[in-house]
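Participant: got a predicted model here, sequence first, then my questions.
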Amino acid sequence: MKKLNSYKNQLALMLILFPLGFAIQSCEQKVEASEEKIVLETEKPEYFLLRPEVENAYGYSHAVKIGNSIKISGAVSMDDEGNPTAVGDIEQQMKNCYADLEKILKHYGCTFDDVVVENIFTTDMAQMLEKSGYRAEIYKNNFPTGSWLGVTELALPEFMVEIELEVHKAE
C-alpha cells in the first residue's frame, strides 16, 4: 500500500511539475521576444493640392497620403479658378470629376485599379444611375467598395455630382 501511495504521489508531483516547466519555458521565450528592438517609422502626411488657390480659399487639401493610404476629397466639375463647368450635364460633370481624380492618382503613382473606396454624392440619383455606365471605362478590373448618396445640394448649386476616393498603394 505504501508503494502505491508513493507512486500516486510521484505521479501527482509529475503532473504538477510538467506543466509548470512549460509555463516557465514559455515565460522565458516571451521575455526574450520582448527584449527585441522595435523600430517604428513615423509616417508623415504628404498633402497634395490640385488647384492650390481654390483649395486654400475653401480651406481643404485635395488629397493626403499617409503610409500606403491615400484619401482624396470630393472632386467636382470645376475649372482652375473654381467655377462650375458642364452646368446641367451630369454625365460630363462625372467625366470631369474622374479626369481630376486621375491627375491626383497619377501624382501618387496610382491608377483607378488602386482605388478601394469610392463614395459618390449626387443631387440627381436617377440621372446618375442612368449615366453610371461610364464607370466601367474607369474601373477596368474591379469596382471599389463605396456608397452612393443622394443629397439635397453640394458646395455650389451648379454641382450635380461629387466623387471622393480612398486608395491603397502597394509598396
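Facilitator: Yes, it's here.
Participant: name the surrounding residues that touch stretch 125-139.
Facilitator: The contact list for stretch 125-139, computed with C-beta atoms under 8 Å, 6 or more residues apart in numbering, reads 90-91, 94-95, 98, 112-113, 115, 120, 122, 143, 148, 150, 160-161. Using the backbone N, CA and C atoms, a C-beta is placed for each residue, glycine as well.
Participant: between the two ends of that stretch, what distance do you get?
Facilitator: End-to-end distance of stretch 125-139 (C-alpha to C-alpha, to the nearest Å): 20 Å.
Participant: pLDDT (mean, whole number) over that stretch?
Facilitator: Taken as a whole, stretch 125-139 has a mean pLDDT of 97.
Participant: now that stretch, how far from the centre of its chain.
Facilitator: 22 Å (C-alpha atoms, centre = their mean, to the nearest Å).
Participant: and that stretch, which residues are buried?
Facilitator: 127-128, 131-132, 135, 138 (16 or more other C-beta atoms under 10 Å).
Participant: keep only those of the residues you listed that are in helices.
Facilitator: Under the assignment DSSP state H, those contribute 127-128, 131, 135, 138 to helices.
Participant: and which of those residues is nearest to residue 67?
Facilitator: Using C-beta to C-beta, residue 138 is the member of these that lies nearest residue 67, at 24.8 Å.
Participant: since that was my last question, I'll sign off now.
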